[in-house]
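>>> Kindly return the folded structure for what I paste below:
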Amino acid sequence: MNGLSQAIVCGLCLVCSGFPDVTSAQEARAKQSLPVSIYAVAPIARTDNPAMTTAAAPTPTTPSGKLPQYLLEQPFPGIDPAASNTDGSLIACQLHLPDKVLRLEIQVTVDGQPFSQVRQQRVNSLWKALSSASAVTTDEGAAPISAEDLANGQAGEPPLLGRLRRYCQATGRLPSPQEIDWWLTHVVDGPCCLWLNDHFQRVRGEQQPEYLVLDLDHDGIISAGELAVSVETLQRCDLNRNDIIEWTEIATAARNENPTPGSTTIASAMTLAKPSATPPDLRVKIGFHTADPAQSRLTVEAIAAELESAVTQAKVTPSGLRLTLYDTPVFLQAIQSNEANIDQLSVGAVYDGYPWLPDLDPYDDGRITLRERSQILERLLRQDRNQDGQLTRNEAVSPLRVCVAWGPIVHRELANLRRINLPTTTMLAASPGWFDRMDRNRDRDLTRGEFPGTDEQFSAMDRDHDHLISVEEANAFDATDSVKAPLDVPRPLSDAPALPE
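Have a look, this model is predicted:
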């Protein structure tokens, strides 16, 4: 997630409850469950600077202006994503893997009721307010507001209700609930089930810069010889020579390479399907709780026998539940907006691209440090699924991410590259002040070039002799009394002047 969001991810739970049993005929062979992530939507920052002469862009008011990332018209002819079953809680989909199409069933409830009922309740509430002949109260126990004030949009009335009342005045009649629903869908907010645009982040799905850089002879195969020099190859991507290989530097180096023969264009990641009596291959149950979001959960059930082991072996990551389905990594995630009065579900799927970079960067900071660089070959060999000593395009499969959100926020989550590692106490360990001043490239390790002391001092602090002083080694040295320090090494002064950047 980006800086506007926070993921609340705990452990795994193998029990799911609170869902209506509408598909009890197909028993699940395996289940995995995890909490729903809470997405904190920050208000848009406003700059009130009189010196700025450029007029601010007007706030969009129509669905197409507010939500250009979604297919607002019926995305697939003849299929309504909010009416895949009689109670309006199921969405039938097809996951398009490179070599397989999986039938996916998504069941979504909000506070124990089908998600589509929330929009219907809003429609009914607006219709009752419009049909009131005399007075309406905005809050329970509040003083009545006259119909004249409501018609003029006064007394703190919700803007939507004021617009509808002016519509009634203009047409001279009361709209039906169906007309109010049409108004909400086509004029105000968009449909109650938003489907992410098929082209969203498609360019990213085709990106494999690490593969292009490592394939030195451009034959479409990373041979054993190319793997043997993989560290040196990536080292050449360090354009600013700061001992940090950034993802952007790898992408820049890849742009200078010739495209590898045999590259393919990413197709649609997920499409809607018509309801069918045939059991799905995979079922996803999501229960959102608006009053207590901590109770919201996502549960994945394997219906097809061949997917039982994939669900059983699924792992929790910050980007959702990670499954391997027919050799394709698939992340299933549910997020919930912290905003109130939500009545829209958003659904989307993207191929994420960059198949190996997140695994090469265990800290998920977009950089490969010296310490991470020492593990590059080991991590690359883990991608060799057939153990033939080389890597091919089939082993560089872009992960597929499927996200379901309560609120129009799926595009915000999928706009960012996935993260695969949970934070640990090691990643969050505080470092001494003198260490931070010496660590010029901010990689949380000190090289001999960054350390201004003597060789003996460096060796004394480098307890594991990996030619790097880690935060843990620095803290351990700080905790050692200077009189008892090994080799009687002088400790760095806490008030030493900061090194130049």
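>>> helix or strand for the residue most central in space within the chain, which one?
For the chain, the residue nearest the mean C-alpha position is Glu413 (3.9 Å; Cα atoms, centre = their mean). Using DSSP states H and E, Glu413 sits within helix 410-414.
>>> from the middle of its chain, how far away would the helix or strand that that helix is followed by be?
Elements were assigned by DSSP H and E; along the chain past helix 410-414, the next helix or strand is helix 433-438. Distance of helix 433-438 from its chain centroid, counting by Cα atoms, centre = their mean, to the nearest Å, is 34 Å.
>>> And helix 433-438, what does it pack against?
helix 471-479 (3 or more Cβ pairs under 8 Å, 6 or more residues apart in numbering; DSSP states H and E). To be clear about C-beta, it is placed using only N, CA and C from the backbone, and glycine gets the same treatment.
>>> And the helix it packs on, what's buried?
Buried residues in helix 471-479, defined by neighbour count with 16 or more other Cβ atoms under 10 Å: Val471, Glu473, Ala474, Phe477, Asp478.
>>> sorry, back to before: which outside residues touch the helix holding Glu413?
1-2, 4-5, 39, 69-70, 194, 196, 200-201, 333, 335, 346-348, 350, 401, 403-405 (Cβ atoms under 8 Å, 6 or more residues apart in numbering).
>>> Just these: which are in strands?
39, 70, 194, 196, 333, 335, 346-348, 350, 401, 403-405 (DSSP state E).
>>> Save the buried residues of helix 471-479 as CSV, and put in pLDDT and distance to Glu372 too.
Output for the buried residues of helix 471-479, formatted as CSV (pLDDT from 0 to 100; distance: Cβ to Cβ, whole Å):
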residue, pLDDT, distance to Glu372
Val471, 87, 14
Glu473, 89, 17
Ala474, 89, 18
Phe477, 88, 23
Asp478, 84, 24
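>>> biggest helix in this structure by residues?
For the chain, the longest helix by residue count, based on DSSP state H, is helix 116-131.
>>> Run the angle between that one and strand 345-351 for me.
140 degrees (axes from the mean of the first three to the mean of the last three Cα atoms, to 10 degrees).
>>> okay but His289 is in contact with Gln113, surely?
No: with contact defined as Cβ atoms under 8 Å, His289 does not count as touching Gln113 (11.4 Å).
>>> Tell me which of these two has more neighbours.
Comparing His289 with Gln113 by neighbour count (other Cβ atoms under 10 Å), the higher total belongs to His289, at 18 against 15.
>>> Setting the sequence-adjacent residues aside, check what's closest to that one.
The shortest distance from His289 to any non-neighbouring residue, by Cβ to Cβ, 6 or more residues apart in numbering, is to Gln295 (4.2 Å).
>>> Next, count neighbours for that neighbour.
14.
>>> how near is Arg379 to Pro362?
8 Å (Cβ to Cβ, to the nearest Å).
>>> for Ala460, same thing?
28 Å.
>>> Glu372 too?
Distance from Glu372 to Pro362, by Cβ to Cβ: 6 Å.
>>> which residues of the stretch 51-200 of the chain fall in strands?
70-71, 90-96, 101-110, 113-114, 135-136, 145-146, 193-196 (DSSP state E, counting those that start in this stretch).
>>> what's the closest of those to Ser309?
Evaluated with Cβ to Cβ, those place strand 101-110 nearest to Ser309, the distance being 15.0 Å.
>>> what sits up against that closest one?
So strand 101-110 is in contact with 18-20, 22-23, 89-95, 114-115, 117-118, 270, 273, 276, 278-290, 325-326, 345, 347, 402, 404, 406, going by Cβ under 8 Å, 6+ apart.
>>> Quick one: buried ones out of those residues?
Applying 16+ other Cβ under 10 Å to the contacts of strand 101-110 flags 19, 23, 89-95, 114-115, 117-118, 270, 273, 280-290, 325, 345, 347, 402, 404, 406 as buried.
>>> How many residues are close by the residue lying closest to Gln390 once chain neighbours are set aside?
Excluding the flanking residues, the one nearest Gln390 by Cβ to Cβ, 6+ apart is Ser223, at 5.0 Å. Under the neighbour criterion other Cβ under 10 Å, Ser223 is assigned a count of 15.
>>> Can you give me the pLDDT of the residue lying closest to Pro329 once chain neighbours are set aside?
Closest residue to Pro329 apart from its sequence neighbours, by Cβ to Cβ, 6+ apart: Pro399 at 4.0 Å. What the model reports as pLDDT for Pro399 is 89.
>>> isn't there a strand covering Asn240?
No: assessed by DSSP: H, G, I helix; E, B strand; the rest coil, Asn240 does not belong to a strand; its assignment is coil.
>>> Now do it against Asn441, distance only.
Taking Cβ to Cβ, one finds Asn240 at 10 Å from Asn441.
>>> who's more crowded, these two?
Comparing Asn240 with Asn441 by other Cβ under 10 Å, the one with more neighbours is Asn441, at 17 against 9.
>>> any idea of the mean pLDDT in stretch 444-453?
88.
>>> what's the first-to-last distance across it?
In stretch 444-453, first residue to last residue: 18 Å (Cα to Cα, to the nearest Å).
>>> So for it, what gets flagged as buried?
For stretch 444-453, the neighbour count (16+ other Cβ under 10 Å) marks Arg444, Asp445, Leu446, Thr447, Glu450, Phe451, Gly453 as buried.
>>> where's the last one relative to Ala460, distance?
Distance check for Gly453 against Ala460: by Cβ to Cβ, it reads 9 Å.
>>> How about the second one?
Separation of Asp445 from Ala460 (Cβ to Cβ): 16 Å.
>>> ok so, going back, out of Ala460 and Pro362, which sits in the busier spot?
Neighbours per residue, other Cβ under 10 Å: of Ala460 and Pro362, the larger number sits with Ala460, 20 against 17.
>>> okay, now the residue nearest to Arg122 when sequence neighbours are not counted: neighbour count?
Nearest residue to Arg122, sequence neighbours excluded (Cβ to Cβ, 6+ apart): Asp343, at 5.1 Å. By the criterion of other Cβ under 10 Å, Asp343 has 19 neighbours.
>>> for Asp343, what are its contacts?
Contacts of Asp343 (Cβ under 8 Å, 6+ apart): Val118, Arg119, Gln121, Arg122, Asp189, Cys192.
>>> Could you pick out the buried ones from these?
Buried among the contacts of Asp343 by 16+ other Cβ under 10 Å: Val118, Arg119, Arg122, Asp189, Cys192.
>>> if I pick the nearest residue to the second one once chain neighbours are set aside, what's in contact with it?
Just to be clear, that refers to Arg119. In space, and not counting its chain neighbours, Arg119 is closest to Cys192: 3.8 Å by Cβ to Cβ, 6+ apart. By Cβ under 8 Å, 6+ apart, the contact set of Cys192 is Ala82, Phe115, Ser116, Val118, Arg119, Thr185, Asp343, Gln344, Leu345.
>>> hmm, which two among the residues you listed are most spread apart?
Once Cβ to Cβ is applied, the contacts of Cys192 give Phe115 and Thr185 as the farthest pair, at 14.9 Å.
>>> Distance of Arg29 relative to Ala305?
Taking Cβ to Cβ, one finds Arg29 at 6 Å from Ala305.
>>> ok, those two, which is more surrounded?
Arg29 (16 against 10).
>>> contacting residues around that one?
Here Arg29 is in contact with Glu301, Ala302, Ile303, Ala304, Ala305, Leu307, Glu308, Val311 (criterion: Cβ under 8 Å, 6+ apart).
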